[in-house]
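J.: this is the structure alone, sequence omitted:
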């Protein structure tokens, strides 16, 4: 999750926000914030002549996004071939209730990253990539448990995507009701949406009385 640059995003033909362009966030830190706050991304690519979108865990280090999958996965084959990919992360922050159904909406934060992924080949590169993903998804788990051995690394594909070509779009506003036909006797406003962690549930073979590790017990969104 380390930061790198704090300058503006560099728009391209693919990454320029056109619809509701006023919602575009142009700072690179905004991209980091959206990515770092998420746990699941969606990876899009074309395989066998058709579009495919897959959910995936991920991690960020500087201006590099790391993803991993099975070594035999379609996503690994696509990246090995040098095909273009797209990664998205979206946070739903509120349902926007307007007086007019037409103006119902959502408050959100979203990031879209375009590029050509790279499949890591070297064992230490793959190990480091898995560490980045693990520390993003489950901070502290790498040091608490044990890392992947060579057999595991051989079964896993670790991929990277540069964050050079990306866009961020944010809506954080009340309902957009306006005009002479607005019925002020009707309620309008926001219903916040929150994601939170619940109570840790031990696996069946965990010995009675073994405490929940601190890195899990103290985790907050």
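T.: Thanks, I have it. Keep in mind the model is a prediction, meaning the values are calculated, not measured. Numbering: from 1, shown residues only.
J.: now the helices for the chain?
T.: 28-37, 74-80, 123-137, 141-144, 150-155, 214-217 (DSSP state H).
J.: average model confidence for stretch 162-173?
T.: In this model, stretch 162-173 has a mean pLDDT of 95.
J.: ok, stretch 211-221 next?
T.: Rounded mean pLDDT across stretch 211-221 is 94.
J.: just checking: what are the partner strands of the helix or strand of the chain with the lowest mean pLDDT?
T.: Least confident helix or strand, the chain: strand 24-25 with a mean of 82, by mean pLDDT, DSSP states H and E. In the sheet containing strand 24-25, its partner strands are strand 165-171 (antiparallel), by DSSP bridges.
J.: list of residues touching the strand it pairs with?
T.: The contact list for strand 165-171 (Cβ atoms under 8 Å, 6 or more residues apart in numbering) reads 9-12, 14-17, 20, 23-26, 30-31, 34, 105-115. Placement of C-beta: from N, CA and C, glycine included.
J.: pull out the buried members of those residues.
T.: Among the contacts of strand 165-171, those scoring as buried are 9, 15, 17, 23-25, 30-31, 34, 105, 107-115 (criterion: 16 or more other Cβ atoms under 10 Å).
J.: now for the longest strand belonging to the chain, which elements pack on it?
T.: Among all segments of the chain classified by DSSP state E, the strand with the greatest residue count is strand 84-97. Judged by 3 or more Cβ pairs under 8 Å, 6 or more residues apart in numbering; DSSP states H and E, strand 84-97 is in contact with helix 28-37, strand 40-47, strand 105-116, strand 189-192.
J.: between helix 28-37 and the third one, find me the angle.
T.: It stands for strand 105-116. 100 degrees (axes from the mean of the first three to the mean of the last three Cα atoms, to 10 degrees).
J.: next one: strand 105-116 to chain centre, how far?
T.: The chain centroid and the centroid of strand 105-116 are separated by 9 Å under Cα atoms, centre = their mean, to the nearest Å.
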